[in-house]
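Visitor: Build me a model from this:
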Amino acid sequence: MTLHDPLHLHIAHKAFSPTFIPVLSQLQLTIHAGEFIAFIGPSGAGKSTLLNIVAGLDRQFSGTVMIGQQNLHQGSQAQLRLAMMFQETRLMPWLTVLENLLLVLKKETHARSRAMQVLERVGLTAQANAYPQQLSGGMQRRVALARAFVVQPELLLMDEPFISVDAPTVQQLHTQLLQLWQQHQATILFVTHHFLEALLLADSVVFLSAAPAQIIHVEAITLPRPRELEQIERMAKQLLQRYPQLLSGQLGV
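Guide: Just a heads-up that it's a prediction; the model follows:
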């Protein structure tokens, strides 16, 4: 199980109760190492559930999550460096910024120097000894971003990590995310409700149907980075002209 192996998702069935409507059904996707994949779909389409399954946080499903030829959920998970960013920053309020990063590094060699290097990349060296509650919301998101990358993940799962952040701060976070991703070459699965954000960041955008979620369209984004907002808006307009109901979870024209 290595960074060079593709990630194969096959979620045959996922429901939270036998009497509930399935959340995911017959969802299959292969993601190549180092790809940045965005998922978008209607509310309740199972996007967060999909990330939880990949992370191993939810194992009550029918199907497989494979890295190469190995099942990620059968004792091999520790061999893959995995990190996850949630909608909330989930920082430990009683720990400083630096201590929050050291917490995930545990007792790794050169942990402190690595943590400080990542904090420098997100512009938070001066805040290393501050506590989360002393920081702005945008700074807290940057700490969470640094914490995700400090473990040098091979697979990074991001569940609407920049939700409820003002536009200028989101733009800064996007830039820092892409810089860290390109440096570390992690495979990223990124869930968002924002169409333009998906087109701006990802190599490919995976559109999901309403529950039970299935993949209805995959759009490869070939524009070079950094991408201009006008380019993205034009692409979004063209895509919705082809598939007017795409964002509501239908491919019908």
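Visitor: okay, residue 222: pLDDT?
Guide: For residue 222, the model assigns a pLDDT of 94.
Visitor: can you check residue 241 too?
Guide: Value for residue 241, per-residue pLDDT: 95.
Visitor: could you list every residue that touches residue 166?
Guide: residue 138 (C-beta atoms under 8 Å, 6 or more residues apart in numbering). Heads up, the C-betas are built off the backbone N, CA and C, glycines and all.
Visitor: what's it sitting at in phi/psi?
Guide: phi -60, psi 160 (degrees, to the nearest 10).
Visitor: Next one: it from residue 131, what distance?
Guide: Between residue 166 and residue 131 the distance is 22 Å, computed by C-beta to C-beta, to the nearest Å.
Visitor: element containing the residue most central in space within the chain, please.
Guide: Taking C-alpha atoms, centre = their mean, the centroid of the chain lies closest to residue 158, which sits 2.4 Å from it. Assigned by DSSP states H and E, residue 158 belongs to strand 155-159.
Visitor: Then residue 173?
Guide: helix 167-184.
Visitor: Mind pulling up the pLDDT for the residue nearest to the centre of the chain?
Guide: For residue 158, pLDDT reads 98.
Visitor: Next: the one 5 residues further on.
Guide: Note on residue 163: pLDDT of 91.
Visitor: show me the contacts for it.
Guide: 87, 193.
Visitor: State whether it is indeed within a strand.
Guide: No. Read with DSSP: H, G, I helix; E, B strand; the rest coil, residue 163 is coil and lies in no strand.
Visitor: That one and residue 88: what is the separation?
Guide: For residue 163 relative to residue 88 (C-beta to C-beta), the value is 9 Å.
Visitor: same thing with residue 158?
Guide: 13 Å.
Visitor: and the least confident helix or strand in the chain by mean pLDDT, how far out from the chain's middle?
Guide: When the helices and strands of the chain are compared on mean pLDDT, DSSP states H and E, strand 70-71 comes out lowest with a mean of 87. Distance, stretch centre to chain centre, for strand 70-71: 21 Å (C-alpha atoms, centre = their mean, to the nearest Å).
Visitor: Next: stretch 85-104.
Guide: Centroid separation between stretch 85-104 and its chain, computed with C-alpha atoms, centre = their mean, is 17 Å.
Visitor: same question, stretch 38-49
Guide: Relative to where its chain is centred, stretch 38-49 has its mean C-alpha point 12 Å off (C-alpha atoms, centre = their mean).
Visitor: Now do the end-to-end distance for it.
Guide: One end of stretch 38-49 to the other measures 15 Å (C-alpha to C-alpha, to the nearest Å).
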